[in-house]
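Colleague: quick one, structure for this:
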Amino acid sequence: MTIALLSLELFLPMSRSLKDKRMVLRRLKDRLEKFNVAVAEVEHQEVWQRAGLGIVTVASSDDMAEQTLSSVMNEIERLEPGLVTRSQVEYLR
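Modeller: Predicted structure coming up:
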């Protein structure tokens, strides 16, 4: 069993308030449900134009976890191109 964590930092240039930011994040979270991952805002909660997301998946192998997180990244780039400023994947065993 493999647990993989994808840490993302996002820049939201069009956000003018926390409400704007939450709308974008909610839309992303809703669209990522189909990948069966857990998504949480873990950093920059009170900053309008930045967000830190933690996305976690549990899989039977490293390859499956990597494939899932790669699909998640592709979906985020498709929905909101250019938002991701930093990404990092960690495997927890």
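
Colleague: now residue 8, nearest residue through space, not along the chain?
Modeller: residue 53 (4.5 Å; C-beta to C-beta, 6 or more residues apart in numbering). No exception for glycine: its C-beta is placed from N, CA and C like everyone else's.

Colleague: which helix runs longest in this protein?
Modeller: Identified as the longest helix of the chain according to DSSP state H is helix 62-79.

Colleague: ok, back up a step: pull up the pairing partners for the helix or strand containing the residue nearest to residue 8, direction included.
Modeller: In this assignment (DSSP states H and E), residue 53 forms part of strand 50-59. With DSSP bridges as the test, strand 50-59 is paired with strand 2-11 (antiparallel), strand 38-43 (antiparallel).

Colleague: just name the most buried of the ones you listed.
Modeller: strand 2-11 (a mean of 18; mean count of other C-beta atoms under 10 Å).

Colleague: what's the average pLDDT for it?
Modeller: Per-residue pLDDT values over strand 2-11 give a mean of 96.

Colleague: next, the buried residues of the helix or strand just after it.
Modeller: Counting by DSSP H and E, the next helix or strand C-terminal to strand 2-11 is helix 18-32. Under the neighbour-count criterion of 16 or more other C-beta atoms under 10 Å, helix 18-32 has 21, 24-25, 28-29, 31-32 buried.
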